[in-house]
Structure formats: structure tokens, C-alpha cells
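Trainee: Quick one, what's the 3D model for this:
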Amino acid sequence: MTDRALPNWDRIVERHAKSVFRVSLRILGSIQDAEDVSQEVFTEAFRRNKAGPVQSWAGLLVRMATLRSIDRLRRQRVTVELREGDSRVTIEPFEEVAAAELGTWLRKAIAQLPDQQAAIFALFYFEQQSRDEISTTLEITPEAVSTALYKARQRLRTQLNLFNQGELK
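Mentor: Numbering: from 1, shown residues only. Here you go, the predicted model:
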């Protein structure tokens, strides 16, 4: 491969860094983890680029960020942090604990979904992508997106019912 065939890497990073970080942050809920995942994604994409041309950098990078973020959720133990004096939040302490607990539970539940369902759920709800956008990003049919989204919702609904009954933590 000649230097002429290589894309402008700085331009690719500049163009897509925010979306990669945003996807990771919404899934992980941690700036530091999102930064780490973003770095991993661009490092892996750079290596992958050397293997051959990439059709859609946006699709590839968002997919990689989604999957790496979900992998990270699976590897880490999520802990609830209560921040005292956070003036942006005006809810009662009990509600703050409940919201944090639910957020922690949701991240764990998403991490237990099969990869494709987790990626589709995250792109649809966290990134607000349409079914057509997701099908393009993940290179699957819109029907497959709808089916996976339905299955993910069903699994999460079942898990949420168990969580609300106190059977899951």
C-alpha cells in the first residue's frame, strides 16, 4: 500500500473523536473510561486501516466504540458514587440513591445482553440513532435491527421486573 492510499489519519481522528467519545461516555457513564475506550478504538482502527481500505469510518468507529464500551462494562465492577454538593442535581437523597442504583443496574444488564443486542440498544437509546442508521453502522438489515431491539427490550424488561421485586441486585 502506498502512502498515497493511506487516509489522512489526523483528519479522521478530528472528524470522529467526539462521536466515539460520546458513544463511550453514554454507555459507560465515566469520562475516564470513555477516554480510555476512545484511545483503544482509534489505536485499533489505525492498525485495521493498515490491513486495507475502510468504507465508512463513521460506521466502523461508532461500532467499535459501542462494542469496546460494552466489553469494558462486562469486565469492571460498577460501583455507586454519591457526590455531595452536586448543585446540578436537585433531587432528594433517596431519589439520588435510587437513580444511581437503577443506572448501575441498567449498565450491568446491558453488559449481559448478547453483543449485537447490546450494541443496537446502546445506539438506539443512548446515541438516538434510527433503525436505518444502526443498520448502516452495523452492516445489518433494518429488520435485524428491529428484531434485536425487541429482544433486548424483552430481556431488559424481564430483568427490571426481577430487580424491582428485589430478586436481582
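Trainee: Could you use CA atoms for every contact and neighbour count after this?
Mentor: Noted.
Trainee: Show me what the longest helix along the chain is in contact with.
Mentor: The longest helix of the chain (DSSP state H) is helix 142-164. By C-alpha atoms under 8 Å, 6 or more residues apart in numbering, the residues outside helix 142-164 that reach it are 109-110, 113, 116-118, 120-121, 131-132, 134-135, 168-169.
Trainee: In JSON lines: the residues you listed, plus neighbour count and secondary structure.
Mentor: JSON lines is the format used below for the contacts of helix 142-164 (neighbours: other C-alpha atoms under 10 Å; DSSP: H, G, I helix; E, B strand; the rest coil):
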{"residue": "A109", "neighbour count": "18", "secondary structure": "helix"}
{"residue": "I110", "neighbour count": "23", "secondary structure": "helix"}
{"residue": "L113", "neighbour count": "18", "secondary structure": "coil"}
{"residue": "Q116", "neighbour count": "18", "secondary structure": "helix"}
{"residue": "Q117", "neighbour count": "24", "secondary structure": "helix"}
{"residue": "A118", "neighbour count": "22", "secondary structure": "helix"}
{"residue": "I120", "neighbour count": "27", "secondary structure": "helix"}
{"residue": "F121", "neighbour count": "25", "secondary structure": "helix"}
{"residue": "R131", "neighbour count": "19", "secondary structure": "helix"}
{"residue": "D132", "neighbour count": "15", "secondary structure": "helix"}
{"residue": "I134", "neighbour count": "25", "secondary structure": "helix"}
{"residue": "S135", "neighbour count": "19", "secondary structure": "helix"}
{"residue": "L168", "neighbour count": "11", "secondary structure": "coil"}
{"residue": "K169", "neighbour count": "11", "secondary structure": "coil"}
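Trainee: on that earlier part again, would you mark the buried spots in the longest helix of the chain?
Mentor: 142, 145-146, 148-149, 152, 155-156, 159-160 (16 or more other C-alpha atoms under 10 Å).
Trainee: Just the buried residues of the host helix or strand of K50, please?
Mentor: Assigned by DSSP states H and E, K50 falls within helix 31-51. Neighbour-count burial for helix 31-51 flags 33-39, 41-42, 45 (criterion: 16+ other C-alpha under 10 Å).
Trainee: for L123, what are its contacts?
Mentor: 23, 66, 129, 134.
Trainee: Repeat the analysis, applying 7 Å as the threshold.
Mentor: When contacts are counted by C-alpha atoms under 7 Å, 6 or more residues apart in numbering, L123 touches 129, 134.
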